[in-house]
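Undergrad: Model the structure of this input:
(one chain, ligands or ions: 1)
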Amino acid sequence: MPQLTCIDPNEQAIEVAFEPGETILQATYRAGVDGILAECGGGCSCATCHVMLTSDWDGTLDAASPQEADMLSFAVDPTPQSRLACQVQLNEQHDGLTLTVAKRQY
Ligand code: FES
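TA: From the prediction side, this is the model:
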């Protein structure tokens, strides 16, 4: 099973196995990763699932939709690598991906 590495707000690195087709939110929720609140349950309407991906993965990820980009403007201190965990679908290419959970979600 492919895995990603998640750096939580306490700077702990957590290995998270995922099924291709899952979102980052689904995989990290199942693994019990701290710091992703996901208050809207994955509906792209809260921006409390803010994560930062390393730029190495830019070519393998779908670009943020206009709705995701709009919601990211409500995230705390977004960066060019910011994404909403509920909107990023994972596939086999993402084995080894590293992401950092935002220190604060609001
Ligand atoms: S869970 Fe609400 S925007 Fe991702």
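Undergrad: Residues of this protein that sit close to the ligand?
TA: 25, 38-40, 42-49, 71, 84, 86 (C-beta under 6 Å from any ligand atom). Bear in mind the C-beta positions are built from the backbone N, C-alpha and C, glycine included.
Undergrad: does Arg30 sit in a helix, a strand or a coil?
TA: helix (DSSP: H, G, I helix; E, B strand; the rest coil).
Undergrad: Could you count how many residues lie near it?
TA: Neighbours of Arg30 under the rule other C-beta atoms under 10 Å: 13.
Undergrad: same check, this time on the one 3 residues further on
TA: Here the neighbour count serves as a burial measure; for Val33 (other C-beta under 10 Å) it reads 22.
Undergrad: those strands in this structure, which residues are they?
TA: In order along the chain, the chain carries the following strands (DSSP state E): 3-7, 13-17, 50-53, 82-84, 98-101.
Undergrad: Neighbours of Asp34, how many?
TA: 13.
Undergrad: hang on, I meant Leu84
TA: Neighbour tally, Leu84, other C-beta under 10 Å: 30.
Undergrad: if I pick it, what's in contact with it?
TA: Residues in contact with Leu84 (C-beta atoms under 8 Å, 6 or more residues apart in numbering) are 44, 47, 49-51, 64, 68, 71-72, 75.
Undergrad: can you redo the strands of the chain as CSV with mean pLDDT?
TA: Converted to CSV, the strands of the chain look like this (pLDDT from 0 to 100):
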stretch, mean pLDDT
strand 3-7, 97
strand 13-17, 98
strand 50-53, 97
strand 82-84, 97
strand 98-101, 97
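Undergrad: Quickly compare those strands and say which is most buried.
TA: strand 82-84 (a mean of 25; mean count of other C-beta atoms under 10 Å).
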